[in-house]
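J.: Sequence first, then the predicted structure, then my questions.
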Amino acid sequence: MATLIKLFLALQLELGNDEVYYWTYALYPDWSHFDHPPMVGIMAQVFSLNLLLPGSFFLRLGPVILSAVSTWIIFLIGKKIKDERTGLYAVYLFTGSVYGFIISGFSFIPDSPLVLFWLLATYLMVSFLPAKQISKKEQNSIRWFGLVAGLAMLSKYQGAFLWIAVLVYVLLYNRSWLRQFSFYLAGMISAALLLPLVIWNFQNSFISFTFHSERVTPSWHIRPDYFLTELGGQLAYTNPIVWVLIALALVAWFRGKQFLDNKTAHVLAVLAAPLWVIFTSFSVFRSTLPHWTAPAYVSLILLAAAYWSEVKIKTGILFWVKLPVYFLAVVLALAFWVVNYSPWPLGNQSSKISFGEDDFTQDIYGWNQIGDAFARISQREETQARMPKGAGLVSNKWFPGAHLDFYAARPAYRKMFLIGSLNDIHKYAWINEKRGGLEKGQDYYHIAVSNLYKNPDELFGNYFEKIQPMDTVEIKRAGRPMRYAFFYRLKNYRGNFVNPLPGR
């Protein structure tokens, strides 16, 4: 049922800004990319047959299918560490979490393959880590772990915490692994998988590591607002009900309640603690994103499932374990209606130029209308010889640039270029080069949206001789305006933009 719901949503909801940006990973595959490893792009290539099958549905097909596999794996882990009831409860809690169902289970982002490999690694870790008598079975398991952990790191850099967890467990609880050659061979397998990623970063001034280190380097000014936002985000992404069930299980464990083999509980704890502590600590000083810590909660779901599988209360614990799924279903139904059908604008309405600002639904609605409007306007402009046929588009930032690329430029077989700093345009610095770069003396289109409006004269006045407004289009939802799109001609490119590729 969960898979069918996701497939329905994949057909009905437009792509978010992260999703259209990661589409470029499949469009222009590489050994690595500016801000993430390559696995999310590989996933899209596989499930869309190298983009032969177009559209948002096939980009999201990969996450939906991988999520179904992840759900089966978390059941198997629960069954392995305790019993079938634990596996079933783990499925309910995982499916009821916003991260498990939507962020990693539906959205086309790197967390989808990360969670799959995280859970595969967890299954292997509870198999080999606690073993005192290390047989060929455990040695084979750790070698497979080396492969799976490497694939997790090729999905998202948080995958490195799988190896951190292994090292913590070995040093604290089972140092006999340090005498095993298979332990080091597993590390070499992971390292071999990461070698192309390291080579790409070496060729590009280690830009990925520089970018992410800047995101988490402490500013040394304590920010309680960032910290509270992070904790609130973790609560929301986990699902408040799931979060409470996890918290109660942890309290019981800390008080010495025996509901799971201690060795297994320690494996789950070391999987969760380093990731949660490090990124939550960063939030004291820097703005962070709640889904950075989310894989830690995936591990804690298993601990909670083991606890609640033997708790008996009058109303029946199964109801409370299922409740997050019911709660999430109601929230999703409401959110779906608000995004696609709500007649009430949610953002700024004070002026046309900022209409819809701060409206979270703008991210996944209205882009098809903008693409249709661009097709009409560009045909008119080129028929009347005000613009050259097949003229490309120019934007200033990866969002909304990637949205405009996917929904306006792609259907019209036109090139999208981005002008800006590397932190603003991200992978588009490489895409600009692959698309041949801006042509001196050429004219381009620019589309500005009211919820993210920037004055095109300020953005591009140094690069073009003239910037001329063409049209303003009202983007509607339920028959009422929810945003405006402004269309411009950028005339006679001067040839003076320096593409900010690192080390070049």
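T.: Perfect, thanks for sending it.
J.: switch to C-alpha atoms for all contacts and neighbour counts from now on
T.: Will do.
J.: OK, contacts around R480?
T.: By CA atoms under 8 Å, 6 or more residues apart in numbering, R480 lies in contact with P343, W344.
J.: and what of G62?
T.: M43, A44, V46, F47, F108.
J.: same deal with N201?
T.: When the contact criterion is CA under 8 Å, 6+ apart, the partners of N201 are S32, I207, S208.
J.: OK, contacts around the last one?
T.: If you count contacts by CA under 8 Å, 6+ apart, S208 has them with H33, F34, D35, H36, N201.
J.: do that again at 6 Å, thanks
T.: The contact partners of S208, taken as CA atoms under 6 Å, 6 or more residues apart in numbering, are F34, D35.
J.: Where does it sit: helix, strand or coil?
T.: Assigned by DSSP: H, G, I helix; E, B strand; the rest coil, the conformation of S208 is helix.
J.: Centre-most residue in the protein?
T.: I109 (3.5 Å; CA atoms, centre = their mean).
J.: Where does that residue fall, secondary structure wise?
T.: I109 belongs to no helix or strand when assigned by DSSP states H and E.
J.: From the chain's centroid, how far away is stretch 79-87?
T.: Chain-centre distance of stretch 79-87: 29 Å, with CA atoms, centre = their mean, to the nearest Å.
J.: again, but for stretch 82-89
T.: Distance of stretch 82-89 from its chain centroid, counting by CA atoms, centre = their mean, is 29 Å.
J.: For it, which residues meet the burial criterion?
T.: When burial is assessed from 16 or more other CA atoms under 10 Å, stretch 82-89 yields the following buried residues: K82, E84, R85, T86, G87, L88, Y89.
J.: In JSON lines: those residues, plus secondary structure.
T.: Putting the buried residues of stretch 82-89 into JSON lines (three-state DSSP) gives the following:
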{"residue": "K82", "secondary structure": "coil"}
{"residue": "E84", "secondary structure": "helix"}
{"residue": "R85", "secondary structure": "helix"}
{"residue": "T86", "secondary structure": "helix"}
{"residue": "G87", "secondary structure": "helix"}
{"residue": "L88", "secondary structure": "helix"}
{"residue": "Y89", "secondary structure": "helix"}
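J.: and which of these is nearest to S70?
T.: The shortest gap between S70 and any of these belongs to G87, at 12.2 Å (CA to CA).
J.: For Q369, see how far away that closest one is.
T.: Counting by CA to CA, to the nearest Å, the gap from G87 to Q369 is 44 Å.
J.: same check, this time on H212
T.: For H212 relative to Q369 (CA to CA), the value is 35 Å.
J.: Between these two, which is the more surrounded one?
T.: Q369 (17 against 14; other CA atoms under 10 Å).
J.: Which strand or helix spans the more buried one?
T.: Counting by DSSP H and E, Q369 is part of helix 367-383.
J.: and that helix, what's its mean pLDDT?
T.: For helix 367-383, the mean pLDDT works out to 97.
J.: go on, stretch 332-339?
T.: 95.
J.: Also stretch 276-288?
T.: 90.
J.: for stretch 112-119, same thing?
T.: On average, the pLDDT along stretch 112-119 is 98.
J.: Touching that stretch from outside, list them.
T.: Counting by CA under 6 Å, 6+ apart, P63, S70, S104, V148, A152, S155 sit against stretch 112-119.
J.: C-alpha coordinates for the helix or strand of the chain with the lowest mean pLDDT, CSV please?
T.: Within the chain, no helix or strand scores below helix 207-216, which has a mean of 78 by mean pLDDT, DSSP states H and E. What follows is helix 207-216, C-alpha atoms only, in CSV (Å, rounded to 0.1, in the frame of the first residue of the first chain):
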residue,chain,number,x,y,z
ILE,A,207,35.8,21.2,-3.9
SER,A,208,33.3,18.8,-2.4
PHE,A,209,35.2,18.5,0.9
THR,A,210,35.8,22.3,1.0
PHE,A,211,32.1,23.0,0.4
HIS,A,212,30.9,20.7,3.2
SER,A,213,33.6,21.7,5.7
GLU,A,214,32.5,25.3,5.3
ARG,A,215,28.9,24.3,6.0
VAL,A,216,29.8,22.7,9.4
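J.: what's the next secondary structure element after it?
T.: Trace forward from helix 207-216 with DSSP H and E and the next one is helix 224-238.
J.: Which strands and helices lie in contact with that next one?
T.: Applying 3 or more CA pairs under 6 Å, 6 or more residues apart in numbering; DSSP states H and E, we find helix 224-238 packed against no helix or strand.
J.: Any chance you could give me stretch 346-353 in CSV, C-alpha atoms only?
T.: Backbone C-alpha positions of stretch 346-353 (Å, rounded to 0.1, in the frame of the first residue of the first chain) are rendered in CSV as follows:
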residue,chain,number,x,y,z
LEU,A,346,0.3,31.0,1.9
GLY,A,347,3.1,33.5,1.3
ASN,A,348,3.6,37.2,0.9
GLN,A,349,0.8,39.0,-1.0
SER,A,350,2.0,42.6,-0.5
SER,A,351,3.3,43.1,-4.1
LYS,A,352,3.4,41.3,-7.4
ILE,A,353,7.2,41.2,-7.4
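J.: Check which residues of it are buried.
T.: Buried, per 16+ other CA under 10 Å, within stretch 346-353: L346, G347, N348, I353.
J.: Equivalent analysis for stretch 358-367, please.
T.: By neighbour count on 16+ other CA under 10 Å, the buried set for stretch 358-367 is D359, T361, Q362, D363, I364, Y365, G366, W367.
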